[in-house]
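Trainee: Quick one: sequence and predicted model below, then my questions.
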Amino acid sequence: MCRDCVSYVNQGGFLPRRDVLKLAGGFAASLALSGLVAPGVAAAKEKKEKKAPPKPENIVSPDAALERLLKGNGRYVDGVSKRHDFKHEREALAKGQNPFAGILSCADSRIAPEYAFDTGRGDLFVCRVAGNFANEDTIASFEYAIHVLKTPLLMVLGHAACGAVDAAITSIRDNSTLPGHLPSLVEALAPAVRGAMNQSGSQLDNTIRQNVVLNVEKLKTATPIISKAVDEGKVKIVGGIYNLENGKVALVG
């Protein structure tokens, strides 16, 4: 209370109502500035101001994310995909993203992860390269997905009749050099080609599967971010192969 007010009251006077309200407001402001606010009120305010994720339904466990992914593929195979409301989710997604799964897919035009798993915008964090192999760029991209976006699941998605894998097999078997920058693909796929050489059955199918297995392991052991998240159970990494004839994704384990 100011000196004039104190003097006025001591002399037996009364403060006008507007002065009382002004005094009360000033007292409340002083409490707020000094930090003397009830802890419950402060916590409620902080919780309210905490930024909500663009898609709350995408905050799931690794196992739940895999189940959701496979159920989406089931709808796609059966031809009963959902009708996704792209228009009304734009505002939320303009402010951020929290995809529930990351997909390392081949660049083949017949393979579209968003369709194959019947997902909407903001659901999948997709990296695509011919031959679906993990290099420094894709590993760094998935580190971002896991560390920043909190994505709980990664899938390496190979597919039947992969042209990149077939070309790598031919190049290595015939000791021939492909034109342009294509030899870089051969080099990346060479471990899978050599690893499947002595397996019985189709060399192409075996190499496609071996490539998925090797890249799942490569991602699992990618230090420091991905391997730590896997060890802590925060992230699951799986492999799958897409069947071109029916669209079904079979897990590779």
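Mentor: Sure thing, it's come through.
Trainee: mind giving me the domain ranges of this protein?
Mentor: 3-49, 56-252 (automatic domain parsing).
Trainee: Report the mean confidence score over the last one.
Mentor: It refers to domain 56-252. Across domain 56-252, pLDDT averages out at 97.
Trainee: Same question for the shortest one.
Mentor: Average pLDDT, domain 3-49: 47.
Trainee: Please give the element, helix or strand, for the closest residue to K95 other than its chain neighbours.
Mentor: Residue nearest to K95 in three dimensions, not counting chain neighbours: P54, with 6.2 Å by C-beta to C-beta, 6 or more residues apart in numbering. Glycine gets a C-beta too; all of them are placed from N, C-alpha and C. In this structure, P54 sits in neither a helix nor a strand according to DSSP states H and E.
Trainee: what residues are up against P54?
Mentor: Contact partners of P54, counting by C-beta atoms under 8 Å, 6 or more residues apart in numbering, are 89, 92-93, 95-98, 122.
Trainee: In helices only, show me these.
Mentor: Taking DSSP state H, the ones among the contacts of P54 that sit in helices are 92-93.
Trainee: Show me which of the contacts of P54 are buried.
Mentor: Neighbour counting by 16 or more other C-beta atoms under 10 Å classes 92, 97-98, 122 among these as buried.
Trainee: quick one: which of those residues sit in strands?
Mentor: Nothing among those maps onto strands, per DSSP state E.
Trainee: Could I get these in CSV, plus columns for distance to P179?
Mentor: Output for those, formatted as CSV (distance: C-beta to C-beta, whole Å):
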residue, distance to P179
A92, 46
Q97, 38
N98, 42
G122, 39
